[in-house]
Every structure is written in structure tokens, then in C-alpha cells.
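K.L.:
Sequence below, structure please.
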Amino acid sequence: MIKKCLNFLNLHQAFLLVFACFVFSFAKAQQNAWIRINQLGYTPAGKKVAVWGGKSIRQLRSFEVKEAQTGKTVYSHPVGKDYGAYGPFAQSFRFDFSAMQDTGRFFVQAEDVKSPVFSVSRDVYRGTADFVLRYMRQQRTLFNPFLNDSCHTHDGFTLYAGKVGIRDSAHIDAGGGWHDASDYLQYATTSANATFHLLAAYRDFPKVFADSKLANGLEGKNGRADVLDEAKWGLDWLLKMHPKANQMYNQIADDRDHASMRMPKEDPYYGRGFERPVYFIDGEPQQRGKFMNNTTGTSSTAGKFSSAFRLGATLFDREDRKYAKFLSQKAETAYAYAHLKPGVTQTVSVKSPYIYAEDNWVDDMQLAAAMGFSATKKSKFAREALSYARQEKITPWMVTDTAAHYQWYPFINLGHYELAKALKGQDREEIVSYYKQGIEAVNQRAEQNAFLRGVPFIWCSNNLTVSFAIQCLWYKELSGDGRFDELAQANVDWLFGTNPWGTSMVYGLPAEGDTPIDPHSAFTYLGKHPIDGGLVDGPIMASTYRNLIGIKLNNPDSYADFQSDLAVYHDDYGDYSTNEPTMDGTASMVYLLALKEGKAMEEPARKK
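P.N.:
Predicted coordinates for the structure are as follows:
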């Protein structure tokens, strides 16, 4: 914890703080039990649960919720079920204080163990979606408003486009979009999914978003919500990646990007000056260097394109009909491109074995068809969407404990939600039941531990956690069934501190909380810039971590007490597997936080 205590302090203060940190560290070493809470806080009418984790067995009888300022007890309750061992803990409990609806600042206490202070308020989620959106803006390529500079202005040169008569190394204008993560690769599949989430967040919760930026991301108002500006940045790039009906591209750059960590300027790693390769989607396996991917078709990426274009056309129709019409046309050609060869399009790697190994595609086609039906009311789209839905009722990660990297992507079947809203009667009930089946499969694992953790610790587990929380909340909206309310909130709580490590997984949120400060990011490591709002990958299985290539922690592990054979998480630049922020996961978080803020706004105000 010394690392966190000294972060950003003036040298003038160092001596006294070193002493204080050593005292703190000594006291921490004597502690063997902790109470984990959602550091953002809780809403008055919502589920409110803290989790106790201890390294030794205690005979706990009750817990109390106390006012932070006065120490007055405002709620007490006997402890419930002892969930036993989990991860680093020998004993664990769930302290449910949902019945307490007072607002204010509080902490939970059981015997001598206290939680951090937290808030109960309708406003705990206010502004959080816009805060997370900062990371998306920082990930922009071409013109980057955070740096007030441009990067990757020469992209790029084509590869594998021979089927449509384009020779390798021909120039294509592919500038724009977002960098994928801490590297500067750009993937159409993740970008299209991110764009859809941003568009859907505005469509479903327009009142939660502010207008404080211009379209280019610089300060100023332009009469359009910032989230819609950001979504348009994604749409404009997707249009470049689908320039003609018979052309579509899947990614810019490849793992040669990983030659060094650097600020995003230009990349002389690809043999063409500052140009980067742009990989064509031909539906066939593609090989660069010694690695061959397992591409089988064109549907997964093209389906995502079509869905984003459809939703974009709907939202921009009032303010820019010409643009909306163009998006509608592109939605049609992308949907046709998806049918060229049914199957999945994977990403390309040159030097390393790590790719986005997406292995399912009918969910992407279902969403594309559902959005087609929503936009046109043509029954053929409804029939096709239903057919695709029945081929993948449950997103496969929900019924397994392991998966390849991004194997089942996106991590939520977006098409079920969009299709169910458009259907009636038995067909609607059928689609809603698929969400329920997936949730029940995860819940069978979750109910065995105090954190209600049923999401597997695979790479980017936080992305799965966000998606699962959204699915639970969508299921309740569609069905009226609230039996999974606690499970949904447990997944939100996990992301903000109710986890074994007691840390938020979002950089800088909340401002006064324990959040990542040393992520695997050139912006923070080299540029010393904050990456506000970035959702880091999250904990992974310890066995997976031990077998990854090139990971070496740079500092003493500040969470050493909470690592286990179950899972590990490190706030350390050297760990790219658990502490690297991702663009698409962050975009999903924008939607989740918009949803939570929107629902909180609907809660009745309580009188003090």
C-alpha cells in the first residue's frame, strides 16, 4: 500500500508520509478480516449488501450500519449464512442491509472490523456514464482531443483484398475510430460492438448524458449529447471500413504493434513508412508469420456493422437525414456481406498466439436481423432473427468455466433484447426465456459463494461481468421478474469494490476510492496522463496467469494478501492480463452506468 500512499505526492511531504505508510502497512499486516462494499454507494430503494471476508474463522453474531460522522447505529441485523472459504478467505458472509433506506454517509461494522465509508443516495450513479466516456474520447485515433494532436494519419494499405481486384499494399483511407486497448490496434468487431452500446445508451437513457464537448472532442457545446458524438466517431470509421458493397475490412495493424509501449503518434513497424496494414474480410483463414486464424466466414463482423448502422440511422434521422439514409444503405449492404459466407471472422496475429478468437456468429446475425425488423417492419427480418435466436439460445460462456480469448463475443446476446421488445405473445416469451436460462446457469455457480460470483475468471472477466449485469437488468425489464435483483447488483458491486481485492475496476471512479493507478497503459506509464473511466480487464484464473507470456510485476504487489489459487488481480503496469483497460469493455460500462443512473432517477426521493 506504500505505492498508493505516495502516489502523486510532493517530495516536500515524503518523509512524514513514508512513516505514516509504514505504520499503516504494519496495521494492515495485523488485519485478517475485511468488509467489502460498493465504493460508489447504494441507492435508497436498491439492494445493499456488503461482503465480509476473513482469513480465520470467527463466530460472528451480527453486523451494524453506522453513520460515518457520528458513529450512531442506524441498522443492525444478525449475520446470515456462512458461505465458507472463497479465494483468499477462509470464511465469508453477506451482510444485507437493503431494508435500511436512510440517505447519508455510513460504514458497516462487525466486531472490530469496519468497511470503508460509503454513500446511500439516489445520486450515486449521477454523471458516472459521462465520466467513463472520457476514456473513449482518449482512445480516438486520427485526431485525439485528449492530446490535442493527431495520430495514425497515414492508414493504411490493404491485405487479402485480391478477391475484389485490389492488390496487396494498395492505399485505403481508413483513418479514425478508436484504439482497441493500451495497444493501438483497431478491430472492427470490437468497435462496432462498442458503437452499438453507445448508441443504445443514448437511445434508452438520453437524459443522463451531458453536452460539454464538440464533435471533435474538444471543450464546447454543439447541441448534441457527448455520447452521441462519440458514437458517431465510431460510425464514421465503420463507414470507412465498409467503403463499397463488396468491400469490408476487419482490422488495422496487428501484434507487431506490441514491439514497444509508446504514445500514439505514428508507427514505423509495418514496412510502409507510417502506414499500417488494413485486413480485408474474405471469409477465409488468414496467416501472417507462423500463425493461422480460424476464420470460417463473413457473418460475425458484418452482422455487427449492420446493427450499428441501423441504430445509427434511427438516432440521426431527425438531425441529419442524408447521413441517416446513408447509414441505412450501409446497413443493407453489410447485412448482404454477412451472407456471403456464413461463419465467423477472427483477427490476425503475426508474432504472438493471442488473437480475438471469436467463435460464434449467429448472435450477430440475430441482432442485425432484429434491428432490420425494428427499422423496416419487414417480416422476413423477424423470421430470420427468430431462426438465429434458436440456434444460440444462451451465450456459451454462461454454461462453461473456461473459454479462449473473446471466444464468445459479444459477451451478451444483444439480439434477444432487441427482438423481444419487437415481438408479442409466445415468440416474445420464448426469447425472454433464453435470457432466464443463461442467468440461471450463472446463478448456480454464484449462489455457492458470498460474492455471488458466477462469472468465470477468463481474460477480460470484467467485460463479462458488465454484460451479465446488463442481461439481468434487461431480463427484469422484459419479464417483470425480480428474482435476480440481488445477483444483478452483486455484479455491479463487484466492479466497484465488493470483490476480494476491495478495489474498483474503473480508473478514477470513485475519485476518493481505491481504484487502478498503475494500469498497463502508455498514457499513464509514459505520458503520466490519467485514463479516467477506463475499465481494466479484471481478475483471471491463477493457472491462466502463471502461463502467460512476458508478465513481470514492476512493484511489490499491493494486493498480495488477496491473491489465491482461484484468481489474481494486480494494479501493476507489468500485468497486461488483469490491469489493461479496453475500449469495448468501457463502452459496455457506459451503457450499464447509464442504465443504473436512469433507474435511480426513477426512485422516489426520500425525506430525511
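K.L.:
Next, the buried residues of the longest helix anywhere in the chain.
P.N.:
The helix that spans the most residues within the chain, counting by DSSP state H, is helix 425-446. Across helix 425-446, burial judged by 16 or more other CB atoms under 10 Å covers 427-428, 430-432, 434-436, 438-439, 441-443, 446. Glycine gets a C-beta too; all of them are placed from N, C-alpha and C.
K.L.:
any chance of the residues you listed in JSON lines, plus pLDDT and distance to residue 52?
P.N.:
Output for those, formatted as JSON lines (pLDDT from 0 to 100; distance: CB to CB, whole Å):
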{"residue": "427", "pLDDT": "97", "distance to residue 52": "45"}
{"residue": "428", "pLDDT": "98", "distance to residue 52": "41"}
{"residue": "430", "pLDDT": "98", "distance to residue 52": "41"}
{"residue": "431", "pLDDT": "98", "distance to residue 52": "39"}
{"residue": "432", "pLDDT": "98", "distance to residue 52": "35"}
{"residue": "434", "pLDDT": "98", "distance to residue 52": "35"}
{"residue": "435", "pLDDT": "98", "distance to residue 52": "31"}
{"residue": "436", "pLDDT": "98", "distance to residue 52": "30"}
{"residue": "438", "pLDDT": "98", "distance to residue 52": "29"}
{"residue": "439", "pLDDT": "98", "distance to residue 52": "26"}
{"residue": "441", "pLDDT": "98", "distance to residue 52": "27"}
{"residue": "442", "pLDDT": "98", "distance to residue 52": "23"}
{"residue": "443", "pLDDT": "98", "distance to residue 52": "21"}
{"residue": "446", "pLDDT": "98", "distance to residue 52": "17"}
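K.L.:
got a markdown table for these, with distance to residue 350 too?
P.N.:
Converted to a markdown table, these look like this (distance: CB to CB, whole Å):
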| residue | distance to residue 350 |
| --- | --- |
| 427 | 46 |
| 428 | 46 |
| 430 | 44 |
| 431 | 41 |
| 432 | 44 |
| 434 | 38 |
| 435 | 39 |
| 436 | 43 |
| 438 | 36 |
| 439 | 39 |
| 441 | 37 |
| 442 | 36 |
| 443 | 41 |
| 446 | 39 |
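K.L.:
closest to residue 57 among those?
P.N.:
residue 446 (23.1 Å; CB to CB).
K.L.:
nearest spatial neighbour of that closest one, skipping sequence neighbours?
P.N.:
residue 454 (3.2 Å; CB to CB, 6 or more residues apart in numbering).
K.L.:
What's the local residue count around the one you found?
P.N.:
23 (other CB atoms under 10 Å).
K.L.:
From residue 578, how far off is it?
P.N.:
19 Å (CB to CB, to the nearest Å).
K.L.:
need the strands for the stretch 501-608 of the chain, in chain order.
P.N.:
540-541, 567-568 (DSSP state E, counting those that start in this stretch).
K.L.:
Name the stretch among these that sits most buried.
P.N.:
strand 567-568 (a mean of 26; mean count of other CB atoms under 10 Å).
K.L.:
low-scoring pLDDT stretches of the stretch 501-608 of the chain, where are they?
P.N.:
605-608 (pLDDT under 70).
K.L.:
how about 50 then?
P.N.:
608 (pLDDT under 50).
K.L.:
Okay, buried residues for the host helix or strand of residue 150 please.
P.N.:
With elements taken from DSSP states H and E, the one containing residue 150 is strand 149-151. Within strand 149-151, the residues that qualify as buried are residue 151, counting by 16+ other CB under 10 Å.
K.L.:
average pLDDT across it?
P.N.:
Averaging pLDDT along strand 149-151 yields 95.
K.L.:
hey, where'd the strands end up in the stretch 251-400 of the chain?
P.N.:
Using DSSP E, counting those that start in this stretch, strands in the stretch 251-400 of the chain cover 277-280, 287-288, 291-292.
K.L.:
Now do the helices in the stretch 351-500 of the chain.
P.N.:
Ranges of helices in the stretch 351-500 of the chain, per DSSP state H, counting those that start in this stretch, are 362-376, 379-391, 414-422, 425-446, 461-479, 485-495.
K.L.:
who's in contact with the third one?
P.N.:
Judged by CB atoms under 8 Å, 6 or more residues apart in numbering, the contacts made with helix 414-422 from elsewhere in the structure are 196, 200, 307, 363-364, 366-371, 373-374, 382, 385-386, 388-389, 428, 431-432, 434-435, 474, 478.
K.L.:
Export the strands of the stretch 501-608 of the chain as a markdown table, with columns for distance to residue 33.
P.N.:
Shown next, in a markdown table, are these (distance: least, CB to CB, whole Å):
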| stretch | distance to residue 33 |
| --- | --- |
| strand 540-541 | 25 |
| strand 567-568 | 19 |
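K.L.:
Distance of residue 549 relative to residue 563?
P.N.:
20 Å.
K.L.:
neighbour count winner among those two?
P.N.:
Counted by other CB under 10 Å, residue 549 and residue 563 do not tie: residue 563 has more neighbours, with 19 against 9.
K.L.:
That one and residue 557 touch, don't they?
P.N.:
Yes - in this structure, residue 563 is within contact of residue 557 by CB atoms under 8 Å, at 7.0 Å.
K.L.:
what sits against residue 435?
P.N.:
413, 416, 417, 420, 471, 474, 475, 478, 479.
K.L.:
With residue 465 instead?
P.N.:
455, 491, 494, 495, 538.
K.L.:
Can you check the pLDDT for it?
P.N.:
In this model, residue 465 carries a pLDDT of 98.
K.L.:
and the gap between it and residue 184?
P.N.:
In terms of CB to CB, residue 465 sits 26 Å off from residue 184.
K.L.:
Equivalent analysis for residue 398, please.
P.N.:
32 Å.
K.L.:
How far away from the center of its chain is the host helix or strand of residue 133?
P.N.:
Mapping residue 133 onto the secondary structure by DSSP H and E places it in helix 128-138. Chain-centre distance of helix 128-138: 12 Å, with CA atoms, centre = their mean, to the nearest Å.
K.L.:
again, but for stretch 420-435
P.N.:
26 Å.
K.L.:
From residue 405, how far out is the closest residue to residue 549 other than its chain neighbours?
P.N.:
Once flanking residues are discounted, residue 549 sits nearest to residue 352: 7.2 Å by CB to CB, 6+ apart. Distance of residue 352 to residue 405, computed by CB to CB: 11 Å.
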